[in-house]
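A.B. asks: Next one to model:
(one chain, ligands or ions: 1)
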Amino acid sequence: MSAVVKTTSPPKKFEFVGGDVCLDFTNTVGGKRGATTREYLNYYTDFVSWCQQADLLNESTADALLRSAARQPDESAAALRRAIGLREAIYRIFAALASDESPHVSDLDHLNDELSTHLGRLQVASTKKGFSWTWANADDGLDQPLGPIARSAADLLTSPHLLEQVRLCEGDTCGWLFVDSTKNHSRRWCVMSDCGNVAKVRRFRLKNRRARSVRSATSRKASVVSPK
Ligand SMILES: [Zn+2]
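C.D. replies: Numbering: from 1, shown residues only. Model prediction:
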């Protein structure tokens, strides 16, 4: 089996805390961009596994893609590179907006290129309740999950009420993105039990350190004035 279709066993369980498909996709990198990062999409199979966990692919389409990838190692490596290229463009766009900056035109161009490649597969299908958008299968197109990911980014960019709630996690070693859907818009961390707790422990230690230094300063002062 080729390196790009190698499987990690058991498959990684991805976290979905971004509140939006495209942000969850950007969160397939651990750590902080520009500092220390951990890549979670090391093989094409990781990408397919993430897409399945994100409900972008059903099992039979995922299996078909994996079979196709095994037959075409170079193409699956290229599809993974494209997925990561789109992911990073999406990350830079939303990280800029979360920091009240304008995204680079080149990143928007990148997103638009992927949209123009994939949007032709969007179709209207009848459902029990009416109609819905669906994606036509691109036979064994290894890049097909990029369509719904790019569309998710376009939808978020064109939804002002959601876009203004896109946040970067405040964790010192984290750069995950999420939509803050809390009532009072006070969410600061991607995962409270993770980055939130680290910050809480750090605050507690800092408070203790300050209290200790105030106490020792006070006792030093007391010993200086005591002879009077
Ligand atoms: Zn975080």
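
A.B. asks: alpha carbons only for contacts and neighbour counts from here, please
C.D. replies: Fine.

A.B. asks: Quick one: name the residues of this protein near the ion.
C.D. replies: With CA under 5 Å from the ion as the criterion, the chain meets the ion at residues Cys169, Gly171, Cys174, Cys190, Cys195.

A.B. asks: Identify the residue nearest the spatially most central residue of the chain in space, chain neighbours excluded?
C.D. replies: Centroid-nearest residue in the chain, with CA atoms, centre = their mean: Asn27, separated by 2.1 Å. Closest residue to Asn27 apart from its sequence neighbours, by CA to CA, 6 or more residues apart in numbering: Trp176 at 5.4 Å.

A.B. asks: show me the residues around the one you found that make contact.
C.D. replies: Gly18, Thr26, Asn27, Gly30, Lys32, Leu168, Cys169, Cys190 (CA atoms under 8 Å, 6 or more residues apart in numbering).

A.B. asks: For it, grab phi and psi.
C.D. replies: Main-chain torsions, Trp176, degrees, to the nearest 10: phi -70, psi 150.

A.B. asks: Use 24 as the first number from now on
C.D. replies: That works, and once the first residue is 24, the last one we named lands at Trp199.

A.B. asks: what pLDDT does it get?
C.D. replies: Note on Trp199: pLDDT of 97.

A.B. asks: returning to that earlier point: widest-spaced pair of the contacts of Trp199?
C.D. replies: Farthest pair in these (CA to CA) is Gly41 and Lys55. Separation: 15.4 Å.

A.B. asks: Just send the contacts of Trp199 back as a markdown table, with secondary structure and pLDDT too.
C.D. replies: Shown next, in a markdown table, are the contacts of Trp199 (DSSP: H, G, I helix; E, B strand; the rest coil; pLDDT from 0 to 100):
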| residue | secondary structure | pLDDT |
| --- | --- | --- |
| Gly41 | coil | 97 |
| Thr49 | helix | 98 |
| Asn50 | coil | 97 |
| Gly53 | strand | 94 |
| Lys55 | coil | 93 |
| Leu191 | strand | 96 |
| Cys192 | coil | 96 |
| Cys213 | coil | 94 |
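
A.B. asks: Low-confidence stretches in this protein?
C.D. replies: Applying pLDDT under 70 to the chain flags residues 24-32, 162-163, 221-222, 227, 243-251.

A.B. asks: helices or strands up against the host helix or strand of Asp178?
C.D. replies: Using DSSP states H and E, the element containing Asp178 is helix 169-180. Judged by 3 or more CA pairs under 8 Å, 6 or more residues apart in numbering; DSSP states H and E, helix 169-180 is in contact with helix 44-49, helix 96-121, helix 128-141, helix 183-186.

A.B. asks: got the CA coordinates for it in PDB?
C.D. replies: C-alpha atoms of helix 169-180 as PDB (Å, rounded to 0.1, in the frame of the first residue of the first chain):
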ATOM      1  CA  LEU A 169     -13.600  19.900  -1.400                       C
ATOM      2  CA  GLY A 170     -16.900  21.000  -3.000                       C
ATOM      3  CA  PRO A 171     -19.000  21.000   0.200                       C
ATOM      4  CA  ILE A 172     -16.000  22.400   2.200                       C
ATOM      5  CA  ALA A 173     -15.500  25.300  -0.200                       C
ATOM      6  CA  ARG A 174     -19.200  25.900  -0.200                       C
ATOM      7  CA  SER A 175     -19.400  25.900   3.600                       C
ATOM      8  CA  ALA A 176     -16.700  28.700   3.600                       C
ATOM      9  CA  ALA A 177     -18.600  30.700   1.000                       C
ATOM     10  CA  ASP A 178     -21.800  30.300   3.000                       C
ATOM     11  CA  LEU A 179     -20.100  31.500   6.200                       C
ATOM     12  CA  LEU A 180     -18.500  34.400   4.400                       C
END
